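have a look at this prediction, sequence included:
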Amino acid sequence: MSIGVARERIATLLFYATVLLLAYLLYLLFSPFLTPLAWAAILAALFHSPYKRLEVRWGKTWAAAAGTAAVTILIVVPALLVTMAFIQEATLAIKSVDLSVQTEGFARMQRLWARMQASPLGGNLGNLEDLVQQATGWIAGLVAGQAGAVLRNLVVIIVDLVVMLFALFFFFRDGDAIMAVLRQALPFESEQSERMITQAGELIHASVFAGFVVAALQGALGGITFALLGLGAPVFWGVVMAFAALLPVGAGVVWLPAAIGLLLTGSVGRG
């Protein structure tokens with residue numbers, strides 16, 4: 001191998017290494033903004049059809065501003081309000097569990113628990129009050145940690161929201177230009193690229209509506225039901241049910257024990 005060829009290969013390797021290093025540094029620079037940018041892209045795809053109808057009437061800029069304002073009013077503001085109420089009611093939920101130990105309903109559950117302990121299969125059951133206190137302490141620690149994390153990262157959350165809304169405006173206004181660049185960047189034929197883009201849009205709509213929207217509705221209905229039944233911290237438990245609805249266990253992991261508890265404590269109608 002000649003010296004010239006060796007130098008050329010070394011120069012090529014150094015070039016690609018520099019490019020990879022710059023790409024990694026760019027990733028580190030923009031990584032804090034990837035999550036809000038991704039949410040902005042998802043929301044822009046989700047509300048693309050309403051934006052297009054506004055664009056025909058008002059033009060790109062005013063339609064993008066109206067679309068961003070609508071997303072802020074319909075999604076961002078309610079999410080912030082629910083988050084604040086969730087943090088406030090988390091403490092109330094823990095206190096309500098502690099106070100429930102002293103109620104008459106809990107005394108009935110203790111008597112039922114004692115009968116179960118007296119049965120052949122209930123010998124290993126522990127004290128009900130100790131179990132409730134242990135569970136309460138675990139939940140209190142978990143909720144306090146999560147609430148503290150939210151409060152500590154409040155500035156980061158606000159910055160992410162501002163970045164998301166700022167990007168959402170430009171995704172609305174310049175969406176056609178962005179998609180044109182994306183189509184050119186995809187290493188596929190035009191027909192296949194269109195099919196992939198269409199499938200991605202359908203996947204976003206299906207996942208958001210079938211997942212997040214349904215979970216939010218279940219959480220809202222669960223929280224309203226808890227409020228109507230007079231159970232403590234309905235917003236807190238509604239949010240918990242919404243998150244549980246996204247998991248295979250479903251929202252029943254929250255409302256079913258509550259219903260059983262009401263039935264065992266004599267509140268048959270409410271249960």
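Structure received.

how many other residues sit next to residue 37?
Per other CB atoms under 10 Å, the neighbour tally for residue 37 reads 17. Where you see a C-beta, it was placed from the backbone N, CA and C, and this is true even at glycine.

just the one 3 residues further on next, same as before
By other CB under 10 Å, the residues close to residue 40 number 23.

give me the pLDDT value at it.
Note on residue 40: pLDDT of 87.

hang on, isn't it packed against residue 175?
No: using CB atoms under 8 Å, residue 40 is not in contact with residue 175, being 11.0 Å away.

and the helices in the protein?
Secondary structure of the chain, counting by DSSP state H: helices at 3-46, 48-58, 60-71, 77-100, 104-118, 128-152, 154-173, 175-185, 190-207, 214-228, 234-245, 252-264.

reformat the ones you listed as JSON lines; add distance to residue 270.
JSON lines is the format used below for the helices of the chain (distance: least, CB to CB, whole Å):
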{"stretch": "helix 3-46", "distance to residue 270": "38"}
{"stretch": "helix 48-58", "distance to residue 270": "41"}
{"stretch": "helix 60-71", "distance to residue 270": "38"}
{"stretch": "helix 77-100", "distance to residue 270": "14"}
{"stretch": "helix 104-118", "distance to residue 270": "11"}
{"stretch": "helix 128-152", "distance to residue 270": "20"}
{"stretch": "helix 154-173", "distance to residue 270": "37"}
{"stretch": "helix 175-185", "distance to residue 270": "50"}
{"stretch": "helix 190-207", "distance to residue 270": "35"}
{"stretch": "helix 214-228", "distance to residue 270": "9"}
{"stretch": "helix 234-245", "distance to residue 270": "14"}
{"stretch": "helix 252-264", "distance to residue 270": "5"}
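
gap between the closest residue to residue 179 other than its chain neighbours and residue 82?
Leaving aside its sequence neighbours, residue 179 sits nearest to residue 197 (CB to CB, 6 or more residues apart in numbering; 7.1 Å). Going from residue 197 to residue 82 by CB to CB, to the nearest Å gives 33 Å.

so which of those two has more stuff around it?
The residue with more neighbours, out of residue 197 and residue 82, is residue 82; 18 against 15, by other CB under 10 Å.

pull the contacting residues for the more buried one.
Residue 82 sits next to 235, 239 when contact means CB atoms under 8 Å, 6 or more residues apart in numbering.

so what pLDDT did it get?
76.

out of the helices of the chain, deepest packed?
Burial of the helices of the chain is given as mean neighbour count (mean count of other CB atoms under 10 Å); helix 234-245 ranks first at a mean of 22.

any weak-confidence spans in the stretch 51-200 of the chain?
Scanning the stretch 51-200 of the chain for pLDDT under 70 picks out 87, 89-153.

the same query, at a cut-off of 50, please.
When residues are selected by pLDDT under 50, those of the stretch 51-200 of the chain lie in 99.

does the residue nearest to residue 179 really touch residue 178, like I thought?
No: under the criterion of CB under 8 Å, residue 197 makes no contact with residue 178, lying 11.4 Å away.

if I look at residue 179, how far off is residue 260?
Remark: distance between residue 179 and residue 260 (CB to CB) = 52 Å.

swap that for residue 189, sorry
Distance from residue 189 to residue 260, by CB to CB: 58 Å.

number of nearby residues for the nearest residue to residue 229 once chain neighbours are set aside?
Distance criterion CB to CB, 6+ apart; nearest residue to residue 229, sequence neighbours excluded, is residue 270 at 5.0 Å. Residue 270: 15 surrounding residues under other CB under 10 Å.

wouldn't residue 270 be in contact with residue 258 here?
No: look at residue 270 against residue 258 with CB under 8 Å: they stay out of range, at 9.4 Å.

next, residue 186: phi, psi?
Per-residue torsions, residue 186: phi -70, psi 130 (degrees, to the nearest 10).

can you pull the contacts of it?
Neighbours of residue 186 in contact, by CB under 8 Å, 6+ apart: 193, 196.

separation between the residue nearest to residue 72 when sequence neighbours are not counted and residue 176?
What sits nearest to residue 72 in space, not counting adjacent residues and going by CB to CB, 6+ apart, is residue 165, at 6.2 Å. Taking CB to CB as the measure, residue 165 falls 20 Å from residue 176.
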